[in-house]
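> structure, please.
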Amino acid sequence: LVEIAGDSALIFPARDATGLASGLQQLFAHPDERLARRQRGLAHVQAFTWRRTAEQTLAVYRRMR
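Residues are numbered from 1 along each chain as shown. You can find the predicted model right below:
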């Protein structure tokens, strides 16, 4: 899901084996791109904390009252 992965993951249609293979070849051929995606992924994951999840869930419950 783009919403979860952000711009750090390879995105391709679910049943597109050629797209997957092409993306993997691109990453294997370009270590700098692979490293950049890894760094973006590690930065992006910081937004997903249990505290933030709890706060957003609570906010939804409060709006539902």
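> for the rest of this, base every contact and every neighbour count on C-alpha atoms.
OK.
> what about residue 44, how many neighbours?
15 (other C-alpha atoms under 10 Å).
> equivalent analysis for residue 8, please.
Residue 8 is flanked by 20 other residues according to other C-alpha under 10 Å.
> just the one 4 residues further on next, same as before
Using other C-alpha under 10 Å, residue 12 has 13 other residues around it.
> so what's it up against?
19-20 (C-alpha atoms under 8 Å, 6 or more residues apart in numbering).
> kindly recompute the last result at 10 Å.
18-20, 22-23 (C-alpha atoms under 10 Å, 6 or more residues apart in numbering).
> need the next SSE after the worst-scoring helix or strand of the chain on mean pLDDT, C-terminal direction.
Using mean pLDDT, DSSP states H and E, helix 2-5 stands out as the lowest-scoring helix or strand of the chain, at a mean of 83. Sequence-wise, the next helix or strand downstream of helix 2-5 (DSSP states H and E) is helix 17-29.
> okay, buried residues for that following helix please.
For helix 17-29, the neighbour count (16 or more other C-alpha atoms under 10 Å) marks 20, 23, 27 as buried.
> which one of those sits closest to residue 42?
Nearest to residue 42 among those, counting by C-alpha to C-alpha, is residue 27 at 16.8 Å.
> state the distance from that closest one to residue 58.
40 Å (C-alpha to C-alpha, to the nearest Å).
> before we move on, the earlier item: and the contacts of residue 12 as TSV, adding distance to residue 39?
As requested, the contacts of residue 12 are exported to TSV (distance: C-alpha to C-alpha, whole Å):
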residue	distance to residue 39
18	26
19	23
20	21
22	21
23	17
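> mean confidence for the helix or strand harbouring residue 42?
Per DSSP H and E, residue 42 falls inside helix 31-45. For helix 31-45, mean pLDDT rounds to 94.
> mind listing what residue 42 touches?
By C-alpha under 10 Å, 6+ apart, residue 42 lies in contact with 8, 36.
> that should have said residue 43, apologies.
Here residue 43 is in contact with 8, 37 (C-alpha under 10 Å, 6+ apart).
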